[in-house]
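# no FASTA, just this:
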C-alpha cells in the first residue's frame, strides 16, 4: 500500500444511500427485494446502476450475455485491469445486500479514488454479472461462468426459465444484449466483496471474513411419475403416489446429508405436485435438490447415495424417478497471494478477522478460472440470507468497503505479475 | 315392482351419447374432463344438462346454492318425491363418469318412463349438486350438505376457493344462484348411482355393488412456518425448513395410516412451498391431508396420531405447524330397506352383485341425513378415478341404469311410508 494514501476511506453515507436506493427497485413486503434475473424489475435495477456508473464518468461496457462492466482508466491502459463486482439480481424473496453490496461498494471505491484525485497504474473495473442467483434460469452464476469461458454464449442464451421463457429472449426484451465480446478480458486480479449469508462471523464477533475457498455445488431437478387416483377408494397397497415418493426423497436427502457430516448441506427447496388437489393421489412431482460441500469427493458420494435412494423409492412405490443435473461446480480454491493481501489490509485497518470457506456460490469462483481471485465477507445478522430480513450493520458494510478499497488500490498499482 | 313393467329397460345408446356429449365440455388431454365447480367449464356443463332437462319437459328448479333439481310429476303431487342424482363438477384431472353417470342415468330413467307412457304415483326428481368434489371449494359434497341442512347457505356462499375466489361470487358470476329455498324438500327416498372409483368390483368380476355405508372423511389444511434462508450457507443444525417438515409429515402420515390398518387410507395430495426455489430453504409450506375410514373411532385415532406427529416435527425442526379441518364427516350407514331393494332388483335382473362400503364420499351420504338412502355401484376399470383414464364398460353402465330404473320405479309407486 502506498503510505501516503493509507488513511483514505470510503464515504459510508454515500454507500448506504446507493444500497437503499437500489433496494427500492423491486421492493417487497418486509424490507426485501424481488429482482429475478432479466425481469422488468431487474431491468429497472440495471438502469439505475448503469446511470450511477455514467454519473461517475466510467466507461460502461455491456457484453453479449448482459454482464455490465464499468471501467475507470488507469495510467497504463495496456496493463490488465483489476476487477471487482458481483450481481444485482435477487431470489424471489431476497434482501438488500446479497450481490448489490459488492457492486455498489465497488462504485464507492471508484468514487472515493476520484474524489481524492488518485489515478492507479492499472484500470479498475466494477462488474455486475447476469443471473448469479439462478433462481429464474439455471445454472446460477451463469453470467460470470460465460464471462470466464465456462459456457458458450449460444448455450447460455438458449437456457429455459422456470416460467417457460428463454434467457436470450428475455435479455433482448430488456435491452441488455450488448456488443462486448464474451468471454471478456482476463483481469489482473478479481476481488469480490459480499455479505457472508451465514451465521459464523456474527456468532464469533468478527468483522471481516477472508474467504479461502468456495463449496462445490450440485443442483438436480427430479421428476417423479406415478399414477393419479382417488384418495378415498384406492387401497394404500395399490398406490403409486408421486407426492409421497417426493416427500420420502426429501426426507432421505436430509438423512444422507446428516450421515455425510462435515460441512455437507442439502436442500429440497421446491416441490410441485400435479394435479395438487386434496382428494387426488398425485400423478407427478417435480422437485429440486441443492447439495454443497467444500470436499468434492464427499459431494460426489452424497450424489451417489441420493441416486441410490431414488432407485429404492421408485421400486418400493412403483413410480419412475428421473433426475437431471442443472448445475455442477467443483469446489474452488482462491489465490493464496490475494487471500494474504486481503488479510493484511483487513488487519492493518484494525479489523477482527478470520479465514473461512464460502458456503454460497459466488461470481468470484467463476472468474477464478481465469485470474487470481479472492473474496471479502462481512457479517450477516442471524445468518439470514435469501430472506427479506437479510441485514448487515452499517459499520460492517463500511469496514468491508474500506478493505476492498485498499486491496483494489494495491492490486491496481502492481506492475506485475 | 309392477309385473307388467318388469321388462322395461333404458336405452343404452341414448345414455352413452349424453355421457360422451357432456364429457366434451371441459375436455382435457387423455380423454379426461376438467370442470372445477363454478368455473366457466362447470357453467357450460350445467347449461347443457339443464337444456336436456327442459327437452324432457321436466320442471327445473335451481336453489340458492346452485343445486339443480329436475322433477317429473307423479300422479299425487302431495306425496314426497323419490330423488336420484349426483354431481357434474369434476376434479382438475377428472374422468367422464364420476358423478356425471349418476345424473345422466337419472335423466335416462325419466326418458325411459316417458317413452313408455308410464306415470308413477310419486314424482321422481333428478338432481345435480354443487361442488361435490370440493376440489375448488372445501368441503366436498357441499351442495348436498347444504341441501340437507348440514351447513347454512350463508356459510357456504362465503367459502373461499383455492384460487382466491369466494363461492357466492362465482355462483353469481355463472348465473346459478337460483330462487328455490335450501335446505330443499325432503325426499321419500334417495338413490345414487355411481362408478365404484375403486378396484373391487372389476377384480371380482361383479357388475353391481350394493353400497351399505360410506367411509368417514377428515380433511385438513396444514400450514408449516419456518425460516427462509440460504441453501448453501445455513448449517443443517440451524435450519427451520418448512419444506422438510412438510415432507416428513407426509411420510409420517403414510406410516400412521399403515399402522392403523383396516380400510384406513390417507393422502397428502397437495404441497405448496414458498418461495419454492432451488437455493432457498422454504419459509412456508401448505399441505392438505385426506384421511378416511369406515370406522369413526379408528379415524379419530389416526387424526390424533397425526396431530402428535405434527407436534413432534414442529419441535424437532423448530417450525410452527397449524392445521384446520376443512371437512369432517362421520361414516354413514345407508337405509337397510333401500339397500335390500337395490339388492333384490339387481338380482332379479340377473346381475352378479355384492354388498360393499364406499371409499369415496358421495352426495347420497348427505341426503341420508334427511331420508332413507342408498347407492348403486358399477365397476371402474383398474379402479382408476380422479384420473383422465377413468373408464367403465358400456354394458356395466347400462346394467347400473336398469337397476336404478326399477329401484326408482318401485319407490315411486310406494304410497307409504
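Perfect, thanks for sending it. Quantities reported herein were computed from a predicted structural model and do not represent experimental measurements.
# Can you find the helix or strand in chain A with the smallest mean pLDDT?
Least confident helix or strand, chain A: strand A:229-230 with a mean of 89, by mean pLDDT, DSSP states H and E.
# Contacts for that strand, please.
A:238-240, A:279-281, B:197-198, B:359-360, B:383-387 (Cβ atoms under 8 Å, 6 or more residues apart in numbering or on different chains). For glycine as for every other residue, the C-beta is placed from the backbone atoms N, C-alpha and C.
# Tally up the residues packed near residue A:31, please.
By other Cβ atoms under 10 Å in any protein chain shown, the residues close to residue A:31 number 14.
# Contact partners for it?
For residue A:31, the contacting residues are A:95-96, A:388-389, by Cβ under 8 Å, 6+ apart.
# Looking at these, spot the one nearest residue A:305.
Taking Cβ to Cβ as the measure, residue A:305 lies nearest residue A:95 of those, at 32.8 Å.
# Now that closest one: closest residue in space that isn't a chain neighbour?
residue A:390 (2.4 Å; Cβ to Cβ, 6 or more residues apart in numbering or on different chains).
# and that neighbour, how far is that from residue A:194?
From residue A:390 across to residue A:194, the span is 12 Å (Cβ to Cβ, to the nearest Å).
# now residue A:74
Taking Cβ to Cβ, one finds residue A:74 at 25 Å from residue A:194.
# So which of these two has more stuff around it?
A count of neighbours by other Cβ under 10 Å puts residue A:194 above the other of residue A:74 and residue A:194, at 28 against 18.
# Now name the helix or strand holding the more buried one.
Assigned by DSSP states H and E, residue A:194 falls within strand A:189-195.
# ok, and what's touching the helix or strand that that strand is followed by?
Reading on from strand A:189-195 to the C-terminus, the next helix or strand found by DSSP H and E is helix A:200-204. With Cβ under 8 Å, 6+ apart as the test, helix A:200-204 has contacts from A:196, A:206-209, A:354, A:356, A:377-383.
# make it 6 Å
For helix A:200-204, contacts defined as Cβ atoms under 6 Å, 6 or more residues apart in numbering or on different chains pick out A:209, A:379, A:381.
# Strands - which of these land there?
residue A:209 (DSSP state E).
# Adding pLDDT as columns, could you present the contacts of helix A:200-204 in a markdown table?
What follows is these, written out as a markdown table (pLDDT from 0 to 100):
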| residue | pLDDT |
| --- | --- |
| A:209 | 98 |
| A:379 | 97 |
| A:381 | 94 |
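# how about the residue sitting furthest away from the middle of chain A, secondary structure?
For chain A, the largest distance from the centre (Cα atoms, centre = their mean) belongs to residue A:233, which lies 47.5 Å off. Secondary structure state of residue A:233, per DSSP: H, G, I helix; E, B strand; the rest coil, is coil.
# okay but it is in contact with residue B:195, surely?
No: taking Cβ atoms under 6 Å as the definition, residue A:233 is not a contact partner of residue B:195, at 9.8 Å.
# follow-up on the earlier one: just the pLDDT at the residue nearest to residue A:95, thanks.
On pLDDT, residue A:390 comes in at 95.
# mind checking the SS state of it?
coil.
# wait, isn't it in contact with residue A:384?
Yes: between residue A:390 and residue A:384 there is a contact at 5.2 Å, judged by Cβ under 6 Å.
# hey, what's in contact with both of the two?
Between them, residue A:390 and residue A:384 share no contacting residue under Cβ under 6 Å, 6+ apart.
# Quick check: which element contains residue A:250?
helix A:242-260.
# measure the residue lying closest to residue A:225 once chain neighbours are set aside to chain B for me?
Once flanking residues are discounted, residue A:225 sits nearest to residue A:320: 4.8 Å by Cβ to Cβ, 6+ apart. Distance of residue A:320 to chain B, given as Cβ to the nearest Cβ, to the nearest Å: 17 Å.
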